[in-house]
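**Student:** Give me a model of this one.
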Amino acid sequence: MASSIFQSSLNVTRRNNANRCFLQHYRNFQRAEKGSEVSRKTAKEKRIIRANLESKSPEKIDVVYARNGRPSFRTLIRPFGFACLLNRWYHSLSGTQKMVLGIIATNVAVFACWRVPALQMFMIRWFSASPAAQATCLPMVLSTFSQFSFWHLAINMYVLWSFTPTIGAVLGREQFLAFYLTGGVWASFASYAVKVATSSVHPSIGASGAIMAVLGAVCTHVPDATLSIILLPFITFSAGAALKGLVAFESLGVILRWKFFDHAAHLGGLLFGCYYVTDGHKRTWDHRGRFMERWHKFRGKPVDS
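**Tutor:** Got it, this is the predicted structure:
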């Protein structure tokens with residue numbers, strides 16, 4: 001009898017404990033639901049002011065909210081994580097690389113304009129260089145942003161981007177931009193001189209002359225650097241050897257009047273790049289003091305190069 005009473009009381013105790021445990025879980029569940037509703041409501045009422053990717057995670061985002069305001073639509077979709085990655089990559093670039101991105105974007109925009117039939121006459125007049133054209137001065141610069149095919153554009157921009165860090169660290173973004181545009185002008189001038197000498201009136205386009213100036217400057221500044229061909233990376237050679245080979249090849253093209261490339265523009269760009277990095281910057285850029293002081297007062301001194 002005593003054992004049965006003890007057993008029944010034990011069962012009652014277990015049921016009471018189970019009921020209390022169930023009630024506790026139910027109350028916790030209700031609190032969690034209420035808290036999640038409040039947090040969702042609060043998140044809707046707040047405006048995201050900063051969102052950064054957590055370390056070692058391309059999807060988890062550390063979000064900082066403002067006290068009032070509405071959330072941006074971009075923060076509600078998953079591609080926002082990719083935007084953070086793109087933003088982080090852009091801010092990791094140097095000032096020269098950011099400026100070169102602008103040059104690449106300009107080349108792409110001009111390439112698209114060449115594909116518009118209504119703009120053909122305008123593009124031929126201003127974005128192709130020929131000594132027999134009505135406009136001869138401005139096209140010497142603008143033609144360096146024109147490309148005749150997608151592969152022409154892709155290869156030129158790849159080479160430009162590849163050699164930018166080396167020469168950009170030496171010149172800085174402002175001097176590099178001036179050097180790049182001047183190299184394009186000297187390449188166009190060399191092309192004009194050969195065309196006048198050979199009675200040729202065919203227009204020329206392409207950024208190859210300006211890019212050859214960059215290539216010549218890099219090979220002259222670091223002749224021991226190891227280079228390779230884009231499609232044949234297993235073939236390597238020194239920058240000094242590449243410079244000698246390019247000068248010989250382009251000179252031969254000018255002498256034999258090869259028509260596939262504008263060899264005169266390539267040779268002019270190469271020689272200008274070699275001269276500028278050796279002695280030209282001392283005679284031009286190093287004497288710009290007064291002008292640059294006024295420019296920096298107006299714009300502010302550059303943060304990085």
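
**Student:** Would you mind pointing out the helix or strand the residue positioned nearest the centre of the chain falls in?
**Tutor:** With distances taken as C-alpha atoms, centre = their mean, Leu101 lies nearest the centre of the chain, 3.6 Å away. Secondary structure from DSSP states H and E places Leu101 in helix 95-114.

**Student:** how about the nearest residue to the residue nearest to the centre of the chain, chain neighbours excluded?
**Tutor:** What sits nearest to Leu101 in space, not counting adjacent residues and going by C-beta to C-beta, 6 or more residues apart in numbering, is Leu93, at 7.5 Å. Where C-beta positions appear, they are placed from N, C-alpha and C, glycine not excepted.

**Student:** Can you name every helix or strand that the helix holding Leu101 contacts?
**Tutor:** Applying 3 or more C-beta pairs under 8 Å, 6 or more residues apart in numbering; DSSP states H and E, one finds that helix 95-114 contacts helix 120-126, helix 150-171, helix 173-197.

**Student:** Helix 173-197 and that helix, what's the angle between them?
**Tutor:** 40 degrees (axes from the mean of the first three to the mean of the last three C-alpha atoms, to 10 degrees).

**Student:** Only the buried residues of helix 95-114, if you could.
**Tutor:** 95-96, 99-100, 103-104, 107, 110-111, 113-114 (16 or more other C-beta atoms under 10 Å).

**Student:** Alpha carbons only: can I get that helix in PDB?
**Tutor:** Output of helix 95-114 as PDB, limited to C-alpha atoms (Å, rounded to 0.1, in the frame of the first residue of the first chain):
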ATOM      1  CA  GLY A  95      45.200  56.000 -57.400                       C
ATOM      2  CA  THR A  96      46.900  55.200 -60.700                       C
ATOM      3  CA  GLN A  97      44.900  52.000 -61.100                       C
ATOM      4  CA  LYS A  98      41.700  53.900 -60.400                       C
ATOM      5  CA  MET A  99      42.600  56.400 -63.000                       C
ATOM      6  CA  VAL A 100      43.500  53.700 -65.500                       C
ATOM      7  CA  LEU A 101      40.000  52.200 -65.000                       C
ATOM      8  CA  GLY A 102      38.700  55.500 -66.200                       C
ATOM      9  CA  ILE A 103      40.900  55.200 -69.300                       C
ATOM     10  CA  ILE A 104      39.600  51.700 -69.900                       C
ATOM     11  CA  ALA A 105      36.000  52.900 -69.500                       C
ATOM     12  CA  THR A 106      36.600  55.700 -72.000                       C
ATOM     13  CA  ASN A 107      38.000  53.200 -74.500                       C
ATOM     14  CA  VAL A 108      35.000  51.000 -74.100                       C
ATOM     15  CA  ALA A 109      32.600  53.900 -74.500                       C
ATOM     16  CA  VAL A 110      34.400  55.100 -77.700                       C
ATOM     17  CA  PHE A 111      34.400  51.500 -79.000                       C
ATOM     18  CA  ALA A 112      30.600  51.400 -78.500                       C
ATOM     19  CA  CYS A 113      30.200  54.800 -80.300                       C
ATOM     20  CA  TRP A 114      32.000  53.400 -83.400                       C
END
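
**Student:** Between helix 150-171 and that helix, find me the angle.
**Tutor:** Using the same axes, to 10 degrees: helix 95-114 against helix 150-171 is 160 degrees.

**Student:** for the record, mean pLDDT for helix 95-114?
**Tutor:** Taken as a whole, helix 95-114 has a mean pLDDT of 90.

**Student:** what's next to it, contact-wise?
**Tutor:** 90, 93, 119-120, 123, 127, 145-148, 150, 153, 156-157, 160-161, 164-165, 168-169, 171-173, 176-177, 180, 207, 302-305 (C-beta atoms under 8 Å, 6 or more residues apart in numbering).

**Student:** ok so, going back, turn the buried residues of helix 95-114 into CSV, including distance to Phe189.
**Tutor:** Shown next, in CSV, are these (distance: C-beta to C-beta, whole Å):
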residue, distance to Phe189
Gly95, 29
Thr96, 25
Met99, 24
Val100, 23
Ile103, 20
Ile104, 24
Asn107, 21
Val110, 21
Phe111, 24
Cys113, 24
Trp114, 23
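
**Student:** all strands of the chain, in order?
**Tutor:** Using DSSP state E, the strands found in the chain span residues 48-53, 61-65, 226-228, 236-238.

**Student:** For the third one, which strands pair with it and how are they oriented?
**Tutor:** Next to strand 226-228 in the sheet, as set by DSSP bridges, lie strand 236-238 (antiparallel).
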